[in-house]
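>>> Task: produce atomic coordinates for the following.
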Amino acid sequence: MSDADGHFSFGSVPAGQFQLTISSDGFATQTFSGELHATENYTVPPIVLMVAAASTEVQVSLSPSEEAEAEIKDEEKQRVLGVVPNFYVTYNHDAVPLKPKQKFELAWKEIIDPSALA
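This is a model prediction of the structure:
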């Protein structure tokens with residue numbers, strides 16, 4: 001407990017080295033050390049608790065389905081010699097597997113592609 005001015009006092013503290021640690025949730029811990037001599041009243045300088053540093057980490061990534069859709073968009077732009085569709089080739093060694101619906105859509109695009117009709 002503190003007095004009306006917010007000061008703390010400790011009775012019956014033996015003489016010698018001491019360490020005072022102040023901590024509270026949401027605040028950085030403060031430590032103060034010193035030496036108390038026999039019959040001495042020691043006044044610790046004011047100690048101010050600083051707000052603890054907060055750290056938040058956010059990782060944003062695509063779902064596997066969204067990643068596969070992005071890969072399909074890249075594959076749709078691929079053409080051999082700039083003309084012949086090359087939809088089924090990916091140069092990503094860690095490519096996400098396509099879902100059946102995505103495979104069907106890719107096959108359908110190859111069938112209706114104007115260069116495939118020629």
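>>> Mind pulling up the pLDDT for the residue of the chain positioned farthest from its centre?
The outermost residue of the chain relative to its centre, with distances by CA atoms, centre = their mean, is residue 39 at 52.8 Å. pLDDT, residue 39: 84.
>>> repeat for residue 101
Looking at residue 101, its pLDDT is 84.
>>> Likewise for residue 21?
At residue 21, the predicted lDDT confidence score is 91.
>>> still on that earlier bit, ok, now which ones touch the residue farthest from the centre of the chain?
Shown in contact with residue 39 (CB atoms under 8 Å, 6 or more residues apart in numbering): no residues. Yep, even glycine has a C-beta here, placed from its N, CA and C like the rest.
>>> any idea whether it is helix, strand or coil?
The local conformation at residue 39, judged by DSSP: H, G, I helix; E, B strand; the rest coil, is coil.
>>> Kindly report the same for residue 95.
coil.
>>> ok, now how distant is the residue lying closest to it once chain neighbours are set aside from residue 8?
Spatial nearest neighbour of residue 95, excluding adjacent residues (CB to CB, 6 or more residues apart in numbering): residue 71 at 5.8 Å. Taking CB to CB, to the nearest Å as the measure, residue 71 and residue 8 are separated by 64 Å.
>>> that older thread, surely the residue nearest to residue 95 and residue 94 touch.
No - the criterion here is CB atoms under 8 Å, and residue 71 misses it with residue 94 at 10.3 Å.
>>> Show me which of these two is the more surrounded one.
residue 71 (17 against 6; other CB atoms under 10 Å).
>>> And the strands in the chain?
Along the chain, counting by DSSP state E, strands occupy 16-22, 30-36, 79-80, 84-85.
>>> and the first one, what does it pack onto?
By that I understand strand 16-22. Applying 3 or more CB pairs under 8 Å, 6 or more residues apart in numbering; DSSP states H and E, one finds that strand 16-22 contacts strand 30-36.
>>> so the strand it packs on versus strand 16-22, what angle?
Counting by axes from the mean of the first three to the mean of the last three CA atoms, to 10 degrees, strand 30-36 points 160 degrees away from the direction of strand 16-22.
>>> Please consider this matter closed, and thank you.
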